[in-house]
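Peer 1: Next one to model:
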Amino acid sequence: MHYAFPEIRTIDDVLPHISGREEFIVAERDFGTVINYVVAMADTFNMDSADDIGGAMRRECRGLIFDADGNLMSRPFHKFFNVNEREETQTHVLALDLMFDHVIMEKMDGSMIRPILVDGYLRLATKMGVTNVAMQAEAWLAAQDPSLKDWLRQCVEDSVTPIFEWISPFNQIVLAYEEADLVYLGTRDNVTGAYVMDTSCPFPTVPQYGSLELGLNDYMYIARKQESREGDIIRFADGHMLKIKNDWYVRIHKTIDRITFDRNIVNLIINEEVDDVMPMLPVVQANRVRNFEIRFWEAFKQKENQLYGLRISAQQSYEDDRKRIALEMVPTLENKTDAQCVFRMLDGSNIRELLLQHIEKNISSNTKWDACAKWMGMQ
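Peer 2: Here you go, the predicted structure:
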């Protein structure tokens, strides 16, 4: 849906449209306030029509930054969607849109970065402000020609937001970039939201591939078969955009999501699925999984030996007398889980199976796994 981007001057222009919506966060920072969405509900970004100011304003809440007085400091990309993700981006709906001026741009695989001024100092920020990732980019920028900072500062003082993708070997999402860089994606007017590609920008510009010559379905068929790239952005002259991600990237990204938390790696390990995901992981993530797997089995064996020792002690010192074990042995154990395991072993449970069952029951949440990992000696 093509609509006029709403004007934003102060935080009061935005707050009424996200009031009562828990999917948005209004985060106070030293320099001001960040408004960002943290989860997308079914209706979060719905628009009833091109005149739906509430829906349009919610689509702007992807890292808006306001100063201490509530004035808009920085306006990054509005929320836009994948082809076929929503009714308004179905290929049959887009057929007419693609008759208008547009350009195909590389979809970079990094983190969005934009400059802001904090107490007169030029800082870089992600969607949530000056984060660890933003400070990586700041360290890189400090080693570059000072004219780059001068250009960024001038943009901020002109009330426009130049938007970049921070790519780095140390900020790998899926693609492994050999060198760090800030890649220029475009500039937005803070008030109107209008997009331009500033030809004076001294940073490298995102690769562009002209306009769509094939039909959209034909182009998507070809684009989605490509590997070693995330996909494309189709940007129209009025600033509206579409995303096309290729199948290779989506498959690997989903695999990486599966190993975001340690408990998910444990799930792969105990279900013997590690070898299935390893070929789809970048080197950094693959090494992390393998190193974790080694630590896991070392801790597992150590715990297994400890439980075996408790079983022998129950037999030799207490002659498997449950009452004596409960009164004399259990109080000496470090935690109640060890005690539960002792009694289950008395019932004939296999130590290895007992341990695996306990681990499987405790990977449903990060909190449970943290406690289980501590019990196993992994923390």
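Peer 1: how about the helices in the stretch 201-350 of the chain?
Peer 2: 216-223, 247-257, 262-270, 274-277, 283-316, 322-324, 336-346 (DSSP state H, counting those that start in this stretch).
Peer 1: Which one of the ones you listed has the poorest average confidence?
Peer 2: Comparing mean pLDDT across the helices of the stretch 201-350 of the chain, the weakest is helix 274-277, with a mean of 79.
Peer 1: coming back round to it: which of the helices of the stretch 201-350 of the chain sits closest to Ile18?
Peer 2: Proximity to Ile18 (CB to CB) singles out helix 247-257 among the helices of the stretch 201-350 of the chain, at 26.8 Å. All C-beta spots, glycine's among them, are computed from the backbone N, C-alpha and C.
Peer 1: For the closest one, report the contacting residues that lie outside it.
Peer 2: 109, 173-174, 224-231, 277, 280-282, 285 (CB atoms under 8 Å, 6 or more residues apart in numbering).
Peer 1: And stretch 4-11, by the same measure?
Peer 2: Against stretch 4-11 from outside (CB under 8 Å, 6+ apart): 13-14, 33, 35, 50, 53, 56-57, 60, 64, 66, 70-72, 75, 78, 190-194, 239.
Peer 1: so how far does that stretch reach from one end to the other?
Peer 2: 19 Å (CA to CA, to the nearest Å).
Peer 1: Could you chop the protein up by domain?
Peer 2: 1-74, 76-246, 258-376 (automatic domain parsing).
Peer 1: follow-up on the earlier one: deepest-packed of the helices of the stretch 201-350 of the chain, please.
Peer 2: Across those, averaging neighbours per residue (mean count of other CB atoms under 10 Å) puts helix 262-270 on top, at a mean of 19.
Peer 1: Point out the other helices and strands that it packs with.
Peer 2: Judged by 3 or more CB pairs under 8 Å, 6 or more residues apart in numbering; DSSP states H and E, helix 262-270 is in contact with helix 274-277, helix 283-316, helix 351-361, helix 366-376.
Peer 1: now the third one against helix 366-376, angle please.
Peer 2: Yep, that's helix 351-361 we're talking about. 150 degrees (axes from the mean of the first three to the mean of the last three CA atoms, to 10 degrees).
Peer 1: what does the longest one give?
Peer 2: In terms of direction (the same axes, to 10 degrees), helix 283-316 departs from helix 366-376 by 60 degrees.
Peer 1: What helices and strands are in contact with helix 283-316?
Peer 2: Against helix 283-316 (3+ CB pairs under 8 Å, 6+ apart) you get helix 262-270, helix 274-277, helix 336-346, helix 351-361, helix 366-376.
Peer 1: Include distance to Ile252 when you put the domains of the chain into TSV, please.
Peer 2: Shown next, in TSV, are those (distance: least, CB to CB, whole Å):
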stretch	distance to Ile252
domain 1-74	22
domain 76-246	5
domain 258-376	5
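Peer 1: May I see the helices of the stretch 201-350 of the chain organised as CSV, with distance to Arg9 added?
Peer 2: Listed next are the helices of the stretch 201-350 of the chain as CSV, based on distance: least, CB to CB, whole Å:
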stretch, distance to Arg9
helix 216-223, 37
helix 247-257, 37
helix 262-270, 44
helix 274-277, 48
helix 283-316, 43
helix 322-324, 74
helix 336-346, 58
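Peer 1: list the contacts for Asn190?
Peer 2: Contacts of Asn190 by CB under 8 Å, 6+ apart are Ile8, Leu72, Met73, Ser74, Arg75, Ser159, Val160, Thr161.
Peer 1: If we use 10 Å, what do you get?
Peer 2: If you count contacts by CB atoms under 10 Å, 6 or more residues apart in numbering, Asn190 has them with 7-9, 64-65, 71-75, 156, 158-161.
Peer 1: Most widely separated two among these?
Peer 2: Among those, Glu7 and Val156 lie farthest apart (CB to CB), at 19.0 Å.
Peer 1: So these two - more neighbours on which side?
Peer 2: Legend: neighbour count by other CB atoms under 10 Å for Glu7 and Val156, higher for Val156 (19 against 14).
Peer 1: In a helix, the more buried one, correct?
Peer 2: Yes: the assignment for Val156 by DSSP: H, G, I helix; E, B strand; the rest coil puts it in a helix.
Peer 1: show me what contacts it?
Peer 2: Per CB under 10 Å, 6+ apart, neighbours of Val156: Met73, Ser74, Arg114, Pro115, Ile116, Leu117, Leu122, Arg123, Pro162, Asn190.
Peer 1: Just the terminal-to-terminal distance for stretch 95-104.
Peer 2: Termini of stretch 95-104 sit 15 Å apart (CA to CA).
Peer 1: that older thread, what's the closest of the helices of the stretch 201-350 of the chain to Asp97?
Peer 2: helix 216-223 (9.3 Å).
Peer 1: Tell me how far the closest one lies from the chain's centre.
Peer 2: Averaging C-alpha positions (CA atoms, centre = their mean, to the nearest Å) puts helix 216-223 27 Å from its chain's average.
Peer 1: Report the separation between the residue of the chain positioned farthest from its centre and Ser313.
Peer 2: Going by CA atoms, centre = their mean, the residue of the chain most distant from its centre is Glu319, 54.8 Å out. Using CB to CB, to the nearest Å, Glu319 is found at 11 Å from Ser313.
Peer 1: list residues touching both of those two?
Peer 2: Ile325.
Peer 1: Buried ones among the contacts of stretch 4-11?
Peer 2: 13-14, 33, 35, 56-57, 60, 64, 66, 72, 75, 78, 190-191, 193, 239 (16 or more other CB atoms under 10 Å).
Peer 1: Fine by me, thanks again.
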